[in-house]
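Trainee: structure, please.
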Amino acid sequence: MKPHVEPDVARSLGTPADTSLLDLAVLSRLDDDLGRESVLELMDLFRTESERRRHRIEAAVTARDASAACHEAHALKGSALTFGACLLGALAFKMEQAGRCGDLDGLTSDLPDLARLTVETQAALSRVFSESGDHGDPGL
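Mentor: Okay, here's the model as predicted:
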């Protein structure tokens, strides 16, 4: 699933790795609506929150609590999509649905991808914002 990315945004900031993980148009709208400083603060919260949610999903699956995993995956999905982290959001949605159905095997099989995508998404967000500069014209 490849996200839609505005061509001028992709040219100015995106690398192939970034655009496979992030919808840069979402980040551009956030930057326009909230300003760079606010987006950077929210991005720090997202990093912390996504790690915390990932660990809670892992703990819920280990405890065989599909309902708790569903709840955490739902919250992760919302925050991921807010930042245009479409692949992480899609995986969180898949895990939310598995949790809702009580599919612990499905949840367990998605844990490695969840760990990988969380790290890769956070790295892509950092690259996008470091490449666009921390002040002045954001280039988004």
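
Trainee: burial count for residue 72?
Mentor: 25 (other CB atoms under 10 Å). C-beta here means a position set from N, CA and C on the backbone, and glycine is covered the same way.

Trainee: list the contacts of it.
Mentor: Taking CB atoms under 8 Å, 6 or more residues apart in numbering as the criterion, residue 72 is in contact with 53, 56, 57, 60.

Trainee: most neighbours, which of these?
Mentor: Of these, with other CB under 10 Å as the count, residue 57 tops at 28 neighbours.

Trainee: which SS class is the residue nearest to it when sequence neighbours are not counted?
Mentor: If the residues on either side of it in the chain are set aside, residue 57 comes closest to residue 72, at 4.7 Å by CB to CB, 6 or more residues apart in numbering. The three-state label given to residue 72 by DSSP: H, G, I helix; E, B strand; the rest coil is helix.

Trainee: quick one, grab the pLDDT at residue 72.
Mentor: The score at residue 72 is 98. That number is its pLDDT.

Trainee: likewise residue 16?
Mentor: For residue 16, pLDDT reads 39.

Trainee: could you check how far the residue nearest to residue 57 is from residue 54?
Mentor: 8 Å (CB to CB, to the nearest Å).

Trainee: check residue 76 too.
Mentor: On the measure of CB to CB, residue 76 and residue 54 end up 7 Å apart.

Trainee: neighbour count: the two, which is higher?
Mentor: residue 76 (28 against 21).

Trainee: sweet, I'm off.
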